[in-house]
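Engineer: return a 3D structure for these sequence lines:
(2 chains)
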Amino acid sequence: DTGVSQDPRHKITKRGQNVTFRCDPISEHNRLYWYRQTLGQGPEFLTYFQNEAQLEKSRLLSDRFSAERPKGSFSTLEIQRTEQGDSAMYLCASSSDRAGNQPQHFGDGTRLSIL
Amino acid sequence: KQEVTQIPAALSVPEGENLVLNCSFTDSAIYNLQWFRQDPGKGLTSLLLIQSSQREQTSGRLNASLDKSSGRSTLYIAASQPGDSATYLCAVSSGFQKLVFGTGTRLLVSP
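Structural biologist: Modelled structure (predicted):
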């Protein structure tokens, strides 16, 4: 169990550019979540995958945001035409759907700074 | 819409004290409640998960309780240590296990 891995750890880009983040969940976990956290706040849910199917999306996920999990393993989160308000920590989590409630395990996040 | 509140927002204690962090939520129809620790600039570390049918969970010096009917949970930390300094986040699971978080309690334990 190597934990949830996110790449890159930090991303600095100019407003209007596109960015893509990657998340590698714990290998046996079939549920994968994306959250966004701004300074001084708790994480906010963005979207959820069960295997390769994207089952829920928050209203926070505008049409500039897209997430994929093509083979039910790693996931990518892309933000197009970035805006200053997109500056935040983007967190990925994974969990198992074994019987009973299973805890979500989080990666260290990708910190996005928009200049 | 589920809302989670954590009190206090910040707490400073001397080493060795026992302390209690509070979490309240507005909708009692939850699947589970999870307590996390977050160090500055880092992700979240899961501390304890309480299923909706359970009343409490313990791990080492940590004990978490859940009163679903009143929408409250507490995290009890015994014999606090400087290494416990971090932000503690409470989150409830509502549907597909997506988590709704509070804003956290920043804990500072002084030597």
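Engineer: so where is chain A shaky, pLDDT-wise?
Structural biologist: Chain A contains residues with pLDDT under 70 at A:1, A:99-100.
Engineer: number of residues surrounding B:F101?
Structural biologist: 22 (other Cβ atoms under 10 Å in any protein chain shown). (Each C-beta comes from the backbone N, C-alpha and C, glycine too.)
Engineer: list the contacts of it.
Structural biologist: Applying Cβ atoms under 8 Å, 6 or more residues apart in numbering or on different chains to B:F101 gives the contacts A:42-44, B:4, B:89-91.
Engineer: compute the distance between it and B:T45, please.
Structural biologist: Distance, B:F101 to B:T45, by Cβ to Cβ, to the nearest Å: 14 Å.
Engineer: picking up where we left off before, okay, the contacts of B:F101 in a markdown table with neighbour count, distance to B:L75 and secondary structure next?
Structural biologist: Formatted as a markdown table, the contacts of B:F101 follow (neighbours: other Cβ atoms under 10 Å in any protein chain shown; distance: Cβ to Cβ, whole Å; DSSP: H, G, I helix; E, B strand; the rest coil):
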| residue | neighbour count | distance to B:L75 | secondary structure |
| --- | --- | --- | --- |
| A:G42 | 22 | 15 | coil |
| A:P43 | 28 | 17 | coil |
| A:E44 | 16 | 21 | strand |
| B:V4 | 24 | 13 | strand |
| B:L89 | 26 | 10 | strand |
| B:C90 | 28 | 7 | strand |
| B:A91 | 27 | 12 | strand |
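Engineer: neighbours of B:F36, how many?
Structural biologist: 25.
Engineer: quick check: which element contains it?
Structural biologist: According to DSSP states H and E, B:F36 maps onto strand B:32-38.
Engineer: which elements pack onto whatever helix or strand comes next after that strand?
Structural biologist: Next along the chain after strand B:32-38, taking DSSP H and E as the criterion, comes strand B:44-51. Applying 3 or more Cβ pairs under 8 Å, 6 or more residues apart in numbering or on different chains; DSSP states H and E, we find strand B:44-51 packed against strand A:105-106, strand B:32-38, strand B:56-59, strand B:62-67, strand B:72-77.
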